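[1] coordinates only, sequence not included:
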DNA sequence: TTACATCCTGTAGCCACTACAGGAGCAAGC
DNA sequence: GCTTGCTCCTGTAGTGGCTACAGGATGTAA
């Protein structure tokens, strides 16, 4: 049995995030020591490693909860897991395509900047124009639409 | 002078988002009609179009605020704008590279799934393993790390 | 025993919105 | 003048997935 700090070190997941996972039901309630500290075993390390890896692949906690529930019934068909993974792949593909388009636009903008004053700045000019595809069709940018890492 | 609904229609930005932009200082406080309704002119349409386009390119509101402030002084050098755009390009490139790596992993996972029961599911097996690169080096996933659009 | 690390709970903040509740104003037709 | 239905108002709370405290208790080593 290891404390939360050790679990954090072994899995690369922040302590606060582990507690958050417990609160939100992705991790089961941990065992406790006499003084009330959380204690974890090998199964917890495996479960958290699974969660971390799935999160890195972009799966939402909801999807991860589904997959974890399925693991509890090893006889069930893995169709759901496969479907989730395919769904995820489609989302990743769409995101890459979108970012690639943005990249092109950004590059063009930067290339046309002659380095003068703001008044003559092509980048600002380019941004001031409405989006090239039909503006009405544009959906608002979801929180996860951001780019920064 | 047009009301907020018309501004929303012309720019493709939700009404709630327009009000949110005003609250957070990206848009100036709108003029009001006698009954207290917001009224907008051509300059507002241009400003919001600029904001929307910049958001679509992944610029954060903070960066947009900076660029808008620079536009008020057309004699200033456009170096800051250029730097912001270049920064953004670097971020987009990094994000594309990361997503491409994820895509590869997802594809491999899906390809090895034979469609049996959860107990034998290769996707779950693959997820249960720690990440291939050094696990300790993995940084936690930022809010914008998600994939879905 | 002193120092420091680790852990606890609880709450609030982050980003960029989004979604209400509960009400007021406005325009058109009857 | 009245109804219908749309638009608009303010204010607050929720979203996802964490992250960052405050303020305290516990554990461990010199």
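    Arrived safely. Since we're looking at a predicted model, the values are computed, not measured.

[2] I'd like to know how many residues surround residue A:116.
    12 (other C-beta atoms under 10 Å in any protein chain shown). (C-beta placed from N, C-alpha, C; glycine too.)

[3] gap between it and chain B?
    6 Å (C-beta to the nearest C-beta, to the nearest Å).

[4] now for the closest residue to that residue other than its chain neighbours, how many residues are close by?
    Spatial nearest neighbour of residue A:116, chain neighbours left out: residue B:78 (6.4 Å); criterion: C-beta to C-beta, 6 or more residues apart in numbering or on different chains. As a burial measure, residue B:78 scores 24 neighbours (other C-beta under 10 Å).

[5] which residues touch residue B:78?
    A:113, A:115-118, A:120-121, A:123-124, B:70 (C-beta atoms under 8 Å, 6 or more residues apart in numbering or on different chains).

[6] roughly how far apart are it and DNA strand C?
    22 Å (C-beta to the nearest atom of the strand, to the nearest Å).

[7] for that residue, report the pLDDT, please.
    Per-residue confidence at residue B:78 stands at 85 (pLDDT).

[8] which bits of chain A sit near DNA strand D?
    Residues of chain A lying close to DNA strand D by C-beta under 7 Å from any atom of the strand are A:14, A:16-17, A:20, A:33-37, A:55, A:60-62, A:143.

[9] out of those, name the ones that lie in helices.
    A:16-17, A:20, A:55, A:61-62 (DSSP state H).

[10] pull out the buried members of the residues you listed.
    Buried members of those, counted by 16 or more other C-beta atoms under 10 Å in any protein chain shown: A:17, A:55.

[11] from the residues of chain A next to DNA strand D, which two are the most distant?
    A:34 and A:143 (42.0 Å; C-beta to C-beta).

[12] the two: which is more packed in?
    residue A:143 (9 against 5).

[13] check the residues of chain A next to DNA strand D against chain B, which are close?
    A:14, A:17, A:55, A:60, A:143 (C-beta under 8 Å from any C-beta of the partner chain).

[14] could you check the angle the helix ranked longest in chain A makes with helix B:79-111?
    The longest helix of chain A (DSSP H) is helix A:79-111. Put simply, helix A:79-111 runs at 160 degrees to helix B:79-111, going by axes from the mean of the first three to the mean of the last three C-alpha atoms, to 10 degrees.

[15] which positions within helix A:79-111 qualify as buried?
    Quick answer for helix A:79-111 (16+ other C-beta under 10 Å): A:80-82, A:84-85, A:88-89, A:91-92, A:95-96, A:98-99, A:102-103, A:105-106, A:109-110.

[16] and the next helix-or-strand element following it with chain B, contact?
    Counting by DSSP states H and E, the next helix or strand C-terminal to helix A:79-111 is helix A:122-128. Yes: using C-beta under 8 Å from any C-beta, we find that helix A:122-128 touches chain B at A:123-124, A:127-128.

[17] now render those residues as TSV, adding pLDDT.
    Shown next, in TSV, are those (pLDDT from 0 to 100):
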residue	pLDDT
A:123	87
A:124	86
A:127	86
A:128	84
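
[18] report the closest residue of chain A relative to DNA strand C.
    In chain A, the residue that lies nearest DNA strand C is residue A:5 (2.1 Å; C-beta to the nearest atom of the strand).

[19] now name the helix or strand holding that residue.
    helix A:4-11.

[20] just how off-centre is that helix within its chain?
    Centroid separation for helix A:4-11 versus its chain: 21 Å, with C-alpha atoms, centre = their mean, to the nearest Å.

[21] where does pLDDT dip in chain A?
    Regions of chain A meeting the criterion pLDDT under 70 cover residues A:131-149.

[22] most centrally placed residue in chain A?
    What sits nearest the mean C-alpha location of chain A, by C-alpha atoms, centre = their mean, is residue A:58, with 4.0 Å.

[23] tell me if that one really is in a helix.
    No: per DSSP: H, G, I helix; E, B strand; the rest coil, residue A:58 lies outside any helix segment and is coil.

[24] separation between it and residue A:24?
    From residue A:58 across to residue A:24, the span is 18 Å (C-beta to C-beta, to the nearest Å).

[25] before we move on, what about residue A:13?
    13 Å.

[26] who has more neighbours, those two?
    For the pair residue A:13 and residue A:24, the greater number of neighbours falls to residue A:13 (23 against 11), based on other C-beta under 10 Å.

[27] neighbours of the nearest residue to the more buried one once chain neighbours are set aside, how many?
    Once flanking residues are discounted, residue A:13 sits nearest to residue A:52: 5.4 Å by C-beta to C-beta, 6+ apart. Neighbour count for residue A:52, taken as other C-beta under 10 Å: 23.
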